[in-house]
Structure formats: structure tokens, C-alpha cells
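J.: I need the structure of the sequence given here:
(chains A and B)
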Amino acid sequence: MQRFLLSRIAVLIPTFIGVSIVAFSFIRLLPGDPVQLMSGERVMAPERHAAIMHQLGYDRPIVIQYLDYLWGLLHGDFGTSIVTKRGVVGEFFTLFPATVELSLCAIVIAVALGIPAGVIAAAKRGSWFDQGVMGAALVGYSMPIFWWGLLLIILFSSVLKLTPVSGRIGYEFFFTNGTGFMLIDALASGQKGAFASAVSHLILPSVVLATIPLAVIARQTRSAMLEVLGEDYVRTARAKGLSTYRVIGLHALRNALIPVVTTIGLQVGVLLAGAILTESIFSWPGIGKWMVDSVFRRDYPVVQGGLLLIAMMIMIVNLVVDLLYGVINPRVRAR
Amino acid sequence: MKMMTKLLAASAIALTLGSAASAKTLVYCSEASPEGFDPALYTAGTTFDAASRTVYNRLVEFKHGSTEIEPGLAESWDISDDGKTYTFKLRPGVKFQTTDFFTPTRELNADDVIFSFERQLKSDNPWNKYVNGASWEYADGMGFPDLITSIEKVDDLTVKFTLSRPEAPFMADLAMDFASIMSKEYADKLEADGKTELLNQQPLGTGPFQFVAYQPDAVIRYQANPDYWAGKEKLDNLIFAITTDASVRAQKLQAGECQIMPYPNAADVASMQQNSDLTVLSQEGLNVAYLAYNTKIAPFDKVEVRKALNMAINKQAIVDAVFQGAATVAKNPIPPTMWSYNDAVKDDAYDPDAAKKMLSDAGVENLSMKIWAMPVSRPYMLNARRAAELMQADLQKIGVNAEIVSYEWGEYLSKSKAEDRDGAVMLGWTGDNGDPDNFLDTLLGCDAVGGNNRAQWCDKEFDDLVKKAKQASDQEQRAKFYEQAQVVFKEKAPWLTIDHSKVFMPMRKQVTGFVQDPLGYHRFDGVDIAE
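T.: All right, here's what the predicted structure looks like:
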């Protein structure tokens, strides 16, 4: 197990360097530079433009800039935003809890609904339930998130007045220096109604964000389950006279879950991508929105630092998934 | 222990917020996050709304709802006869805000004024580079380091500015956001604590509202400044709820989650106007959209060709299609709300037949040209692509073959400056300080060729008029020069003037006292909310 863990970690180092190169060069490939965009329609004199580029160090050869950046990274320095002038890591971790909270809720919804739906659909293959679930999954998978979010807002917030339109908590609630996880902070604050308010603000965005992963997980579970249900040992279990519940719940599900767990791990990346749109619609102060704004402003340090930090998070999640894999399937460990 | 005090402080704030049930709170659904809170570092209106118009004051201020100047932190001023020396008498007894992060020990004095400007003007000032990549966008862009030779403290409440040349728009410049007056005492404390960057994160000024907290990308909180020199505001709390999507802002307003919002979608305005819970204010914006020919390149160097193209384009159709009525056709380069607007100027009438004839009289056959369409939506032009397509169709009718080109925004801005640029560029401008100079000289003066002057147009007659207006200090005299300059502009037609867009401000019926600002600020001093 230890060797398995070490080999997984060893792979992370070249991956990290690769990602840092991509993150560094990707934003510089886009035309325009941050200084130019700062002034907008107002034209900046070429000398001033050059002076500010120099001040920021962007007039040096790109390789030198990269090495300098890498040197900073090794010292834990991810740079400072050109726009807000705040440290990238500080900004990231101010906003990251909001994205994590949203993503966790979304993945919980997706797993809690997706796996049972997929299992039942597989068990009742060809039934109206199966057809309905797979039809809904197809629609959910192809749903444009932006439109879907607005639709839910109009229905649940404007017409039915059940949920708030956007934000993380009612504006009457205010606490500083919490964990950044609104549910925890709201509970800890002890303010009456704060927790309920935080929950109600979380419902729509997490449903919207859960939509695509839910569809993917349901489909994946169904097909994995169908495959397993055709296996000899399942037939044997049935022949032994075990109840359907035990056959599916104990014997089949455990093996069917292996590809599903991989899918869930991969969905973390999808969640972050989906978070960009979901956060924009629901004014959710997370890193998705932050990254998009920074790309438009060509805020190099934020884009490259943000990408790196996100990549590190995804690598960690994938590592955890790989380890979980080992727990579920001992053959992986042995290899 | 530190954690404990923080928790205590937080619960204390929560208690005061909770117990003051009758406190008046206004929630404003703002359109974006501020870039920072030091207005001199930035140029975005969003940042100015969040920092300078709430927390800070300036020596002189724009009168609420107008572009006229009124006394601010300076009670009175004196301009020398040669127009080069400005002496300001500061208002006595002005207190800086007392917040949980700073308690001032003295009132406003000349040192604060000198500090606020010198940090932007002198590269050897310790605050000149207090943040990484600090650039004093407006101070530099407007040539302040060359214009201002010295700022002297005459006594505690008297400051003298000496200029290198007479400059009529100077007073209007001083009312702009970058000229906000900061507390030197606060800055000194930050410097002593080694936390200079906080000047851009926890603003402290003399303005109507004081800063409480900013949760990035989510909420900015202010409370009324109890010591405000012009009297405490009627609102107790002001909250900026950052909501970037215009449709979502509209839903929040209708659901009552906020009481006022800027920049609605053009398509949502009609339904909001019919909603009996809402009021929708509207005003012509201080902006212009234009199509700038490259007057240095044949055949666009000929006045007749430019005139003919102008006459071939149906501007009303563009305004109807792109703005659904939320704009007016422009005939002058400055908007009608600005002083010196010359209403006597006659626009080139839409007349394709006459245009065609004019073009052939000028000896131009089978003309092909490029039209540059901006890749982004701007307040003065919501959909440049659509406008360009309409122009293309109109030009086709007189036998001109137009090709539409576009680039990524930053590239668009920089490529369009080139003096040998091929094609006519669509672009626009939103006024900074309400002075006609800020349109006429900035966009059309000879000095701006290769820069803001996208028409690359240098006309001696026009330029002389604008330069004279800049140096005259009497406004009536200046207005005469500008009116004449607009006549010359129309005769020589370096641009197709397209539109001045309208600005809408929807709010709940309970909100009173909000005045739309011609410069596009969103100010909450004087605003009240009915229970």
C-alpha cells in the first residue's frame, strides 16, 4: 500500500511542472496584455505602457519570467493580482470554501440520487422507470446550465417565492472571520435564522450544479450494473436463493461501483467547470467566477496561480480516488 | 485569544445590526466587484461607486445630478489672473471617519490634500509604488505630473496649487475620483505598521458612508458616517450586493432582495416599467458611439466621400434595432446633456440617392472598405456586430462593398490606433468629468492622432478652437469656441456620429431621493427608503 501511495505521489511532480508551464503560457497566448486592458478606451501613451510593463516585469524574456515564477512557487509565492493588488493564494482561499461548499452539496445530491436511480433502472431494465430515468438523464446532460439556472430562479424564486434569487445568505446576517463555509459559520454565529437562510440560498445553485454529474452518474451506474448483473457469480447468488435485494445490494453493487467511483472523481473537474457558470448566475463568490473575471482582465498572476491551485486540488482528489479504488478493489493494490 | 476577540467583535456587530430593527438599510445590486478601494489606481465606474462616491470626498464636487462644480472639502477658492495659481480654503472641522480599524486624532488639513496628490505625481514619494504595478491611470493620463508644478501648504486650512500652464478644465478634474482626499494620518499609521496595502483594502475618508467590510465578489457593507460634515445620511446601512448577471439583478429587484439596481438588460426595461412595485428612472447618458473613418487614407481623406457614407447610413434604424428605443441618434460628438452642445448643427440627412451621386461626383467607383465592429457590448453600443451589419446593408445600396472585421477587445483597442489602419472603426466614449474638452480635444484633437483620435484627423481650424477653449477661463467664452468647433466637425465629417444611449435605473417604489448622475456614478447620499 505504501509503495502504491509513493508511486502515485511521484507521478504528481512532473504533472505539477507540466501544469505550471501550461498555466503560465496559456494566458500569455491570448492577445492583449493586462496593462492595455486596464485603460480600456482611454489610450495609454506607449512610454507609460512600457514603463508599467517593466514595473511588472513583463518585458523580460518569457523563459526568465517562467523561471522566476517557478522560483517563487517553490517558495510558496504565487504572486499578486495585478488588478486587486492582493496575494493570489489569499484570494483563492477566501473564495475557495464557497466553491467547495457548493460542489460538495452538488456531488452529494448527484450521488444520492444518481446511484439509486441507476441501480433501479438497471434492475428494472426496459420498464417505464428505466426509460424515464434515462430520458431525464439525457435531457439533464445536455441542459445549458445558464438557461437552466435562470429557469429555476424564475420558477422557484420569482413565481413560487420559495427560495432566494442569489447570494449565499440573507443580507441581514453578517459575520467576519469565519471558516468561509457559510453553513458552518451560520451555525457557529448562533444568529437566529442564519442557518436556515444559508441552506435556502444553497438549494438552487447546488441543484443546478448537480444536474450534469447526476445524469452522468445515473447512466454510468446503470450500465455498470447491467454488466455485473450478467456475470456468473450473480447468477450463482440468485441460484442460491438470495433475495433480489441482497444480490443487487451486496454482491452486484460493490463491483459495479468501481467504474462509478472513477466517474465521480472525474466529475470533480466537471463540477469546477460547471461552477464557473453556476457561480455567475447565482452571484456565488467562488473561484469559478474569479477565474473568468481574471481571464478577461488578463490578470496573469491570478489566472496562472488559480489554475495551478485548482489543478493541485484535482490531483489530490484523484489521488484520493485512486486510494479509494484500492480499498474497493484489492487487485489494484497488488499490481 | 485573537480568534476569541474576533468572534466577540463579530457578535457585537451582529448584535448592533440585529437590535437596530428600525435601522434603514438599502441594498444595491451592483454589477461587478470593485477592483480595489483606492480610486486613484483605477478607472472603472464600479470601483468609483464602491470607493470614492461613498467613502471619500474631493476638494470640489459635482453637484448631485449635474456636471457643475460645487464646494466640497474646499469651502472656497481663488484663481489667479494668469490662470496658473489655484488657492483653496479648506472647510474647517471636517472629521475623518472613525471605524473599527482606525480612530483619527485630528481633523482634515492641508497635509491630507498634499498627500493625496503627491503620491500620484512624484515618483520619489514613498506611496507612489505602494502596491505592485501601481499606475495612476487618471493622474498620468490627464498629464497631472507635468501640469502641476507644486502643491504648497499656506496654512493648515489653505492649499496652493501652481500649474505650468492655464488649464480651464482643472476644476472639473479635481472633482473626479482620482482626486479623492485621503487621511495622511491613516496612511502614516499603515506605513508604521508595515501594512501599506490596506490603503487599497480598507478605505477611510471623510465621505457620507464609512466602510465596514468587503466579502470579495459577494457583499460590500457600509454604514452612515455619523460625523459627516454635511450631516448624517438618512440611510443607516448601505449594502452592495454584487450580482453580475443583469437578468438575475432584475429577478432580485423584483423579489425585493435588493431595492435598486443599475444596467438592466434593454429587453427587460419595458416589463419593469409596467411593474407597479418599481420605478424606472431614465436619462441620456454622457456618451457617444461613433464610426471613425481613417482620414489619412484615400479615399477617406476626401470630405465628400465621408459625407456621402454618412448620408448612406440610416442611423435611426440602427438605434431602433440595437437599443429598442433606449438611445437617441447623435449628430454632435458631445451628448445633448453637456454644456455647449450645439443644437443648431444640422445632421447629414439619410439620403442614399444623394449619397450615391456625391460619391460618383467625387470620382469614387466600386469602393470597398472595412468596418470594425467591437467584440464587446458597451453602454454606448450594445451590439456592434448588429450595427455593423445594418451599415453594411445600407452601404451596399449605394454600391459600397463593406467587410466587417473584429478582433479580441484588447487587440481591437490597440490595432485601431494605428495611423495606417485600414477601415472605419466603431467605438465610443463615456465622459469622465462633464467637460466638453474631455470629448472634443481628447478624441479629435491633433495631439491625439495615433491614440484616442481614431479618425487620425488633425484639422487646424478645429484644433485651434478647442485649444483656445481650453485656455479661456470664462465658461461662456469657452462654450462659444466649442459650439463653433462642433460646426467645423460636422462640415468635415471625420466620424459618423451614431448614438447617445440612455441609462436606466430601476428601483423599488420605497426608494426616494435617488438622482441619476450624468457622469454615470451611482451615489447614495441623499437617498432614503420608506418603511
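
J.: pLDDT below threshold where in chain B?
T.: B:1-21 (pLDDT under 70).

J.: Could you give the residue of it that lies closest to chain A?
T.: For chain B and chain A, the shortest gap (C-beta to the nearest C-beta) falls at B:Gly410, measuring 2.3 Å. Yep, even glycine has a C-beta here, placed from its N, CA and C like the rest.

J.: burial measure for that residue, as a count.
T.: Using other C-beta atoms under 10 Å in any protein chain shown, B:Gly410 has 21 neighbouring residues.

J.: Tell me the secondary structure of it, please.
T.: Three-state call for B:Gly410 (DSSP: H, G, I helix; E, B strand; the rest coil): helix.

J.: Name all residues that make contact with it.
T.: With contacts defined as C-beta atoms under 8 Å, 6 or more residues apart in numbering or on different chains, B:Gly410 is in contact with A:Pro31, A:Gly32, A:Asp33, A:Gln36, A:Leu37, A:Arg298.

J.: Now do the contacts for residue 42.
T.: No chain specified, so I'll use chain A. A:Arg42 touches B:Thr43, B:Glu137, B:Gly141, B:Asn452, counting by C-beta under 8 Å, 6+ apart.

J.: meant chain B actually
T.: Neighbours of B:Tyr42 in contact, by C-beta under 8 Å, 6+ apart: B:Pro34, B:Glu35, B:Gly36, B:Phe48, B:Glu137.

J.: how much space is there between B:Pro262 and B:Asn383?
T.: Per C-beta to C-beta, to the nearest Å, B:Pro262 is found 19 Å from B:Asn383.

J.: With B:Thr103 instead?
T.: With C-beta to C-beta as the criterion, B:Thr103 and B:Asn383 are 51 Å apart.

J.: Between these two, which has more neighbouring residues?
T.: B:Asn383 (17 against 12).

J.: That one against B:Ser377, yeah?
T.: Yes - applying C-beta atoms under 8 Å, one finds B:Asn383 in contact with B:Ser377, separated by 6.4 Å.

J.: picking that back up, from A:Gly79, how far out is the residue of chain B closest to chain A?
T.: Counting by C-beta to C-beta, the gap from B:Gly410 to A:Gly79 is 20 Å.

J.: Likewise for A:Val108?
T.: 34 Å.

J.: same check, this time on A:Met291
T.: Distance from A:Met291 to A:Gly79, by C-beta to C-beta: 15 Å.

J.: who's more crowded, these two?
T.: Set A:Met291 next to A:Gly79 and count neighbours by other C-beta under 10 Å: A:Met291 wins out with 22 against 19.

J.: contacting residues for that one?
T.: A:Ile276, A:Val302, A:Val303, A:Gly306, A:Leu307, A:Ile310.

J.: So which bits of the stretch 201-350 of chain B are right by chain A?
T.: Residues of the stretch 201-350 of chain B lying close to chain A (C-beta under 8 Å from any C-beta of the partner chain) are B:201, B:213, B:215-219, B:221, B:239, B:241-245, B:247-248, B:251-252, B:254-255, B:257.

J.: For B:Asp420, list the residues it contacts.
T.: B:Asn294, B:Lys296, B:Ile297.

J.: Could I have the buried ones of the residues you listed as ChimeraX selection syntax?
T.: If you want just the buried ones from the contacts of B:Asp420 in ChimeraX, going by 16 or more other C-beta atoms under 10 Å in any protein chain shown, the selection is:
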select /B:294,296
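
J.: Would you mind giving the contacts of A:Arg42 as JSON lines with distance to A:Leu250 added?
T.: Shown next, in JSON lines, are the contacts of A:Arg42 (distance: C-beta to C-beta, whole Å):
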{"residue": "B:Thr43", "distance to A:Leu250": "65"}
{"residue": "B:Glu137", "distance to A:Leu250": "67"}
{"residue": "B:Gly141", "distance to A:Leu250": "72"}
{"residue": "B:Asn452", "distance to A:Leu250": "74"}
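
J.: Keep these, but drop any that are not near chain A.
T.: Within those, those near chain A by C-beta under 8 Å from any C-beta are B:Thr43, B:Glu137, B:Gly141, B:Asn452.

J.: Verify the stated contact: the third one with A:Met44.
T.: Yes - with contact defined as C-beta under 8 Å, B:Gly141 reaches A:Met44; the gap is 7.0 Å.

J.: so how far is stretch B:300-317 off the chain centroid?
T.: With C-alpha atoms, centre = their mean, to the nearest Å as the basis, stretch B:300-317 stands 29 Å off its chain's centre.

J.: Output it as PDB - backbone C-alpha positions only.
T.: What follows is stretch B:300-317, C-alpha atoms only, in PDB (Å, rounded to 0.1, in the frame of the first residue of the first chain):
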ATOM      1  CA  PHE B 300     -11.500  58.700 -46.900                       C
ATOM      2  CA  ASP B 301      -9.200  61.800 -46.900                       C
ATOM      3  CA  LYS B 302     -11.900  63.500 -49.000                       C
ATOM      4  CA  VAL B 303     -14.600  65.200 -47.100                       C
ATOM      5  CA  GLU B 304     -17.200  64.400 -49.800                       C
ATOM      6  CA  VAL B 305     -16.600  60.700 -49.500                       C
ATOM      7  CA  ARG B 306     -17.000  60.700 -45.800                       C
ATOM      8  CA  LYS B 307     -20.100  62.900 -46.100                       C
ATOM      9  CA  ALA B 308     -21.600  60.500 -48.700                       C
ATOM     10  CA  LEU B 309     -21.100  57.500 -46.500                       C
ATOM     11  CA  ASN B 310     -22.600  59.300 -43.600                       C
ATOM     12  CA  MET B 311     -25.700  60.100 -45.700                       C
ATOM     13  CA  ALA B 312     -26.000  56.500 -46.800                       C
ATOM     14  CA  ILE B 313     -26.400  55.100 -43.300                       C
ATOM     15  CA  ASN B 314     -29.800  55.000 -41.700                       C
ATOM     16  CA  LYS B 315     -28.900  55.800 -38.100                       C
ATOM     17  CA  GLN B 316     -32.400  55.700 -36.800                       C
ATOM     18  CA  ALA B 317     -32.700  52.100 -38.000                       C
END
